[in-house]
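Undergrad: test case, fold it:
(chains A and B)
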Number of protein chains: 2
Amino acid sequence: MNRGRPRDGKVDEAVSAAVREILDEVGYQQLSIDRVAARAGVGKAGIYRRWRSKAEMVFVAVVHGTEIAPPADLGGLRADLTALVEQIIVLLSAPHARKALPGLIADIAADPELATRFAGTFIDRQQNVLARILERATHRGEIGSGSDPVLAHAQLLGTVFVHLFMLGGTPPSDLPRRLADAVAAGLDTPE
Amino acid sequence: MNRGRPRDGKVDEAVSAAVREILDEVGYQQLSIDRVAARAGVGKAGIYRRWRSKAEMVFVAVVHGTEIAPPADLGGLRADLTALVEQIIVLLSAPHARKALPGLIADIAADPELATRFAGTFIDRQQNVLARILERATHRGEIGSGSDPVLAHAQLLGTVFVHLFMLGGTPPSDLPRRLADAVAAGLDTPE
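TA: Predicted coordinates for the structure are as follows:
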């Protein structure tokens, strides 16, 4: 029976596109599963079969696919960290992420299952990239092997988050370099 | 005309108490001005005369009154910073703040006027306390005078925020000391 609805993999695509459009138009708070279903031409049941909640649906459409690239080796810890901060700023400033992230984080803070999924994708990926940067710096003899990527990552992500979402918008252009320097200075000193 | 409603300063008190109760019961997303008005025994018009929005009302009830104390001089930069991180954790982990803050920050990120008010109270107060800690450390000769309290504060607040609201809950007990050490290491070196 063809009811003019997208099927299979096409549903994910249609829903993601609808989520992004509606985020642009009305933001995260006003986005509802009803509205997304209508825009995507998908039944509500089809949406609930795939995603547990609005937050889960938006997360997949906006955040899940966002990759922090494995960083090129720029030859030094501070340069590598600066490039990583630049990537995090680009990721969090992308129009859809910017509109969705604060509301999404509010939902994540209230939903342990979603928090686990968020930590296992978005956060893990960034921590792994940072861990590789720290390994390279350890091999170069720039830092000791006792540096903690979890703390350093929380400093990088948290500082960018505060600038973008609490201090009202555009981080200073020298933030990547200055934050990279500050975090690098706090890492384990070489043996 | 006595309609059995609280008046004048009593309205603020009744509304703040109602906001806190309703946050405990249903969280920030489900809290509405209607619900607060009914619980506080206050007319909706009276609420809208005082606060522009739900976010503004919750902000005043939960965040505005929260003071970061001027820190005791513990005799050293790292000890002073550790005490400040401990205070920020306590402030953000308080049951009402914990329930309200993520949703509030989502609203702040979408509302420049509220963002300005938030920056002018909550953020300013913390930056000022940190600036005093850095001044003392400069006088002691522990750091140079070029240290930036805005960047250092964003690192402290952001790292605590990530631990509480993105990494799922309870920061490790050694976070204050380790974060203080990391941030201290990134400050301007003494002349």
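Undergrad: which stretches in chain A count as strands?
TA: With DSSP state E as the criterion, chain A has no strands.
Undergrad: can you show me the CA trace of the helix ranked longest in chain A as CSV?
TA: Under DSSP state H, the helix in chain A containing the largest number of residues is helix A:9-30. Taking C-alpha atoms only, helix A:9-30 is exported to CSV below (Å, rounded to 0.1, in the frame of the first residue of the first chain):
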residue,chain,number,x,y,z
GLY,A,9,16.1,4.6,5.1
LYS,A,10,14.2,7.4,3.4
VAL,A,11,12.3,8.0,6.6
ASP,A,12,15.5,8.8,8.6
GLU,A,13,16.5,11.2,5.9
ALA,A,14,13.1,12.9,5.6
VAL,A,15,12.9,13.2,9.4
SER,A,16,16.4,14.7,9.7
ALA,A,17,15.6,17.2,7.0
ALA,A,18,12.3,18.1,8.7
VAL,A,19,14.0,18.5,12.1
ARG,A,20,16.6,20.9,10.6
GLU,A,21,14.0,23.0,8.9
ILE,A,22,11.8,23.3,11.9
LEU,A,23,14.8,24.1,14.2
ASP,A,24,15.6,27.0,11.8
GLU,A,25,12.0,28.2,11.8
VAL,A,26,11.0,28.0,15.5
GLY,A,27,13.9,26.6,17.6
TYR,A,28,14.2,23.5,19.8
GLN,A,29,11.5,24.4,22.4
GLN,A,30,8.7,24.8,19.8
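Undergrad: tell me the domain ranges of chain A?
TA: A:9-50, A:68-185 (automatic domain parsing).
Undergrad: skip the chain neighbours and tell me the closest residue to the closest residue to chain B within chain A.
TA: Closest contact between chain A and chain B, by Cβ to the nearest Cβ, is at A:Gly158 (2.5 Å). Any C-beta I mention is one placed from the backbone N, CA and C, and that applies to glycine too. Closest residue to A:Gly158 apart from its sequence neighbours, by Cβ to Cβ, 6 or more residues apart in numbering or on different chains: B:Gly158 at 2.5 Å.
Undergrad: pretty sure that neighbour is touching A:Phe161, no?
TA: Yes: with contact defined as Cβ atoms under 8 Å, B:Gly158 counts as touching A:Phe161 (5.5 Å).
Undergrad: neighbour count: the two, which is higher?
TA: A:Phe161 (27 against 23; other Cβ atoms under 10 Å in any protein chain shown).
Undergrad: wait, the more buried one sits on A:Leu92?
TA: Yes: A:Phe161 is in contact with A:Leu92 according to Cβ under 8 Å; the separation is 7.0 Å.
Undergrad: list the buried residues for the worst-scoring helix or strand of chain A on mean pLDDT?
TA: Counting by mean pLDDT, DSSP states H and E, chain A has its least confident helix or strand at helix A:112-118, which shows a mean of 84. Of all the residues in helix A:112-118, those buried under the rule 16 or more other Cβ atoms under 10 Å in any protein chain shown are A:Leu114, A:Ala115, A:Arg117, A:Phe118.
Undergrad: give me the low-pLDDT residue ranges for chain A?
TA: Along chain A, segments meeting pLDDT under 70 span A:1-8, A:64-67.
Undergrad: what ranges does it have for its helices?
TA: Under DSSP H, chain A gives helices at A:9-30, A:33-40, A:44-50, A:54-58, A:77-93, A:95-109, A:112-118, A:124-139, A:149-165, A:175-185.
Undergrad: now those helices in JSON lines, please, with extra columns for distance to B:Ala180.
TA: Compiled in JSON lines, these are given as follows (distance: least, Cβ to Cβ, whole Å):
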{"stretch": "helix A:9-30", "distance to B:Ala180": "34"}
{"stretch": "helix A:33-40", "distance to B:Ala180": "44"}
{"stretch": "helix A:44-50", "distance to B:Ala180": "44"}
{"stretch": "helix A:54-58", "distance to B:Ala180": "34"}
{"stretch": "helix A:77-93", "distance to B:Ala180": "20"}
{"stretch": "helix A:95-109", "distance to B:Ala180": "24"}
{"stretch": "helix A:112-118", "distance to B:Ala180": "26"}
{"stretch": "helix A:124-139", "distance to B:Ala180": "20"}
{"stretch": "helix A:149-165", "distance to B:Ala180": "11"}
{"stretch": "helix A:175-185", "distance to B:Ala180": "13"}
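Undergrad: I am finished for the moment; much appreciated.
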